[in-house]
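S.K.: quick one: sequence plus predicted model below, questions after.
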Amino acid sequence: MSTICLTFDFDALSVWFSYPNTSPAMLARGEYGARVGVPRLLEMLQRYGIAATFFIPGHTVESFPAEVEAILGAGHEVAHHSWSHTDPSTQTPAEERADMERAFESLRRVGVAPRGFRSTTSPAGRCSTSTAGCRRSATPMAPPPTARCG
Ligand SMILES: [Zn+2]
């Protein structure tokens, strides 16, 4: 028997806002992921009896509440993925802190106290030099063991 960990970024439109020339096609792709991709993923996960973690930016939580409710209703974990899906290495510490706290508030409003955080940058897990400090002051949680900061 093997154990795997399935995680998904449910970024929807938020991922495209950080691109310099966001187009209607990009936004349509983001909405497609929310309206079509999420239900398909949930059906597949249910079919195979798999629990997963969805990393969801606060912007997506607020823009697609029915999809977030479906994820939570299916028993999956929802975790912190910033509010705006902005690369934290491009933010000042104050901007990063505000974005992170705004995401916590979005998640709190849907009943989620996240136990995990995934940075929005690639390679996955890249953070700014202040990411861990922002998290510690925004929540009593310890930083995730997989976070690589600096
Ligand atoms: Zn993402």
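M.R.: Noted; the coordinates are in hand. Keep in mind the model is a prediction, meaning the values are calculated, not measured.

S.K.: tell me which element I50 falls in.
M.R.: I50 is located outside every helix and strand, with elements delineated by DSSP states H and E.

S.K.: output the below-cut-off pLDDT ranges for the chain.
M.R.: 122-150 (pLDDT under 70).

S.K.: mind running it again at 80?
M.R.: Flagging of the chain using pLDDT under 80 yields the residue ranges 18, 121-150.

S.K.: for the ion, what's its nearest residue on it.
M.R.: The ion sits closest to D9 of the chain, with a gap of 3.4 Å, by Cβ to the ion. For every residue, glycine as well, the C-beta is placed using N, CA and C.

S.K.: pull the contacting residues for the residue nearest to that residue when sequence neighbours are not counted.
M.R.: Using Cβ to Cβ, 6 or more residues apart in numbering and skipping the chain neighbours, the partner closest in space to D9 is F55 (5.1 Å). F55 makes contact with T7, F8, D9, F10, V78, A79, H80, H81, G116, R118, according to Cβ atoms under 8 Å, 6 or more residues apart in numbering.

S.K.: show me what from this protein comes close to the ion.
M.R.: Contacts of the chain with the ion, taken as Cβ under 5 Å from the ion, map to D9, D11.

S.K.: before we move on, back to that, was I right about the residue of the chain closest to the ion contacting H80?
M.R.: No - the criterion here is Cβ atoms under 8 Å, and D9 misses it with H80 at 11.7 Å.

S.K.: how about the helices in this protein?
M.R.: Counting by DSSP state H, the chain has these helices, from start to end: 14-17, 24-32, 38-48, 58-63, 65-73, 93-109, 131-138.

S.K.: winner for burial among those?
M.R.: helix 58-63 (a mean of 23; mean count of other Cβ atoms under 10 Å).

S.K.: neighbouring contacts of it?
M.R.: Contacts of helix 58-63 (Cβ under 8 Å, 6+ apart): 10-14, 17, 34, 68, 78, 82-85, 102-103, 105-107, 109-110.

S.K.: again, only this time at 10 Å
M.R.: For helix 58-63, the external contacting residues (Cβ atoms under 10 Å, 6 or more residues apart in numbering) are 9-15, 17, 30-31, 33-34, 38, 54, 57, 67-68, 78, 80-86, 99-110, 112.

S.K.: chain center to it, what's the gap?
M.R.: 9 Å (Cα atoms, centre = their mean, to the nearest Å).
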